[in-house]
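# sequence and predicted model, in that order:
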Amino acid sequence: MIYLKKQKYVMMLKDKSYHNGKDYSIPEDLKIKEKRLDKIKKVKKALENREKKANPGKDIKDFRPDKLC
């Protein structure tokens, strides 16, 4: 019973932080399509740079997530 009360409380806190009264909201910087696309491109570039540093000499296009297991 205590577990359910904790879960209800956690869900209430999440709803309070993401809910704007009518619908779930997204951060201001992601509301406009161009800004959202720009942010995605920046994050993609950062991930590519991190991958290049971690695996020098390997092409990112060779990555096969289905071969991880």
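It's in. Numbers count the residues shown, from 1 in each chain.

# for the top helix by length along the chain, enumerate the helices and strands it packs against.
Counting residues, the longest helix found in the chain (DSSP state H) is helix 33-54. In terms of contact count using 3 or more C-beta pairs under 8 Å, 6 or more residues apart in numbering; DSSP states H and E, helix 33-54 is assigned the packing partners helix 28-31. All C-beta spots, glycine's among them, are computed from the backbone N, C-alpha and C.

# is Ile26 in a helix, a strand, or coil?
Per DSSP: H, G, I helix; E, B strand; the rest coil, the secondary structure class of Ile26 is coil.

# neighbours of it, how many?
When neighbours are counted by other C-beta atoms under 10 Å, Ile26 registers 11.

# and Arg50, by the same measure?
For Arg50, using other C-beta under 10 Å, the count is 10.

# separation between it and Asp38?
To Asp38, Arg50 is 19 Å away according to C-beta to C-beta, to the nearest Å.

# the host helix or strand of Gln7 - contacts with which helices or strands?
Secondary structure assigned from DSSP states H and E places Gln7 in helix 2-18. If contacts are counted by 3+ C-beta pairs under 8 Å, 6+ apart, helix 2-18 sits against no helix or strand.

# quick one, grab the pLDDT at Glu16.
You called it Glu, but residue 16 is Lys. Per-residue confidence (pLDDT) for Lys16: 67.

# equivalent analysis for Lys35, please.
Looking at Lys35, its pLDDT stands at 84.

# much appreciated, bye for now.
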